[in-house]
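# Quick one, structure for this:
(2 chains)
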Amino acid sequence: MRWAVVTFGGTNCDQDAYYAVSGLGVDCDWVWQKDGLKKNYDAIIIPGGFSYGDYLRAGAIAARTDIMNDVHTLVQDGSLVLGICNGAQIACESGLVPGVFTRNEYPKFVCRSTYLRVETNESPFTSLFEAGEVISVPIAHGVGRYVPAPLSGSQGAPDIAFRFCDEHGRSTPVVNYNGSHEYITGVFGSTRNILAMMPHPERACDALLGSVDGTRIFRSMIDYCEHR
Amino acid sequence: MNFTACITVGLKDGMLDPEATTILKALNNQGFHVESLKAEQKFTAIFEATSKSDAHAQAVSMCEQLLANPVIQRYEIEVF
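All right, here's what the predicted structure looks like:
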């Protein structure tokens, strides 16, 4: 099993993701976007940051680099793709995930612990959770408000992985830190081997950081890859 | 020959625009009485095309492929 952490100019959460994943025993490559994905990776992590300065729109320029064609190819072969924060924006901009993560409703960069409700455990990313379970994973973004794609003949409602909630699992306006549509902060692609999420699971992988719930997302992915 | 395309990209009507809302409040804090404000991006692209309609078609492709996100944005093009 081999994973890749993809980096672009302006990526800055790649070391955290690499640390979290390699700490779980996964062989992981750091791949600069210009080098392309030359191996048959089982999972690809697109980490957070401010790729290309967030110019034009967050994730827009990274989404159109050649390496994203490699990502699309591997996805079709069943590899997992996890886009975190700026990686989630890139996943949406590249068409892997419907909708868009855009500017927060209030002009504030939100950096805090949050509770998330796991909407389904029937996915490679959430299989080790209970459906409806409340987990703690931090956010850090100014551009994270989810807006779904307009419904059309080919575009249905978003397939939701995580919603903001309180510690009891209730979603109320006070916990909608960025004003997302229906509290959504984690969305699957057209198939569930793709997940875009604004919260940072790699920052919830060590008890020192206050939560280890992020570890179970990576462990779910490992479990899937081992039985694939 | 070279053509110039002036491309304006903005949010579709009805989309929440926190940037414009914040700027509008700042303007009104300066003593203005602005009722409504839009924040848009403007691009001026100079490139070769075989005709004005070809230039317009190329500008449309630029918008569709990169400059605008059709989920939340619209665009307008003027070619000279």
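
# which stretches of chain B form strands?
Taking DSSP state E as the criterion, chain B carries its strands at B:2-11, B:41-48, B:73-79.

# Mind checking the pLDDT average for stretch A:202-211?
Averaging pLDDT along stretch A:202-211 yields 94.

# most remote residue from the chain's center?
Picked chain A for this. Distance from the centre of chain A peaks at A:Gly153, with 26.2 Å (Cα atoms, centre = their mean).

# nope, chain B please
B:Gly31 (27.6 Å).

# what about it, distance to chain A?
Using Cβ to the nearest Cβ, to the nearest Å, one obtains 21 Å as the distance from B:Gly31 to chain A. Every C-beta, even on glycine, is put in place using the N, C-alpha and C of the backbone.

# Can you pull the poorly scored residue ranges out of the chain?
Because you didn't say which chain, this covers chain A. In the prediction, chain A carries no residues with pLDDT under 70.

# which parts of it sit against chain B?
Proximity of chain A to chain B, by Cβ under 8 Å from any Cβ of the partner chain, involves residues A:56-57, A:60-61, A:64, A:93, A:99-100, A:102-107, A:145, A:147, A:149-150, A:179.

# Now, of the residues you listed, which are buried?
The neighbour count (16 or more other Cβ atoms under 10 Å in any protein chain shown) marks A:56-57, A:60-61, A:93, A:99-100, A:102-105, A:145, A:147, A:149, A:179 as buried among the residues of chain A next to chain B.

# Go through these and say which is closest to A:His227.
Closest approach to A:His227 among these (Cβ to Cβ): A:Gly99, at 29.8 Å.

# Could you list the residues in contact with the longest helix along chain A?
Counting residues, the longest helix found in chain A (DSSP state H) is helix A:213-227. Residues from elsewhere that reach helix A:213-227 (Cβ atoms under 8 Å, 6 or more residues apart in numbering or on different chains): A:1, A:20-21, A:24-26, A:42-43, A:80, A:82, A:123-129, A:135-137, A:200-205.

# Is it possible to mark the buried ones in those residues?
Buried members of the contacts of helix A:213-227, scored by 16+ other Cβ under 10 Å, are A:20-21, A:26, A:42-43, A:80, A:82, A:123-129, A:135-137, A:200-205.
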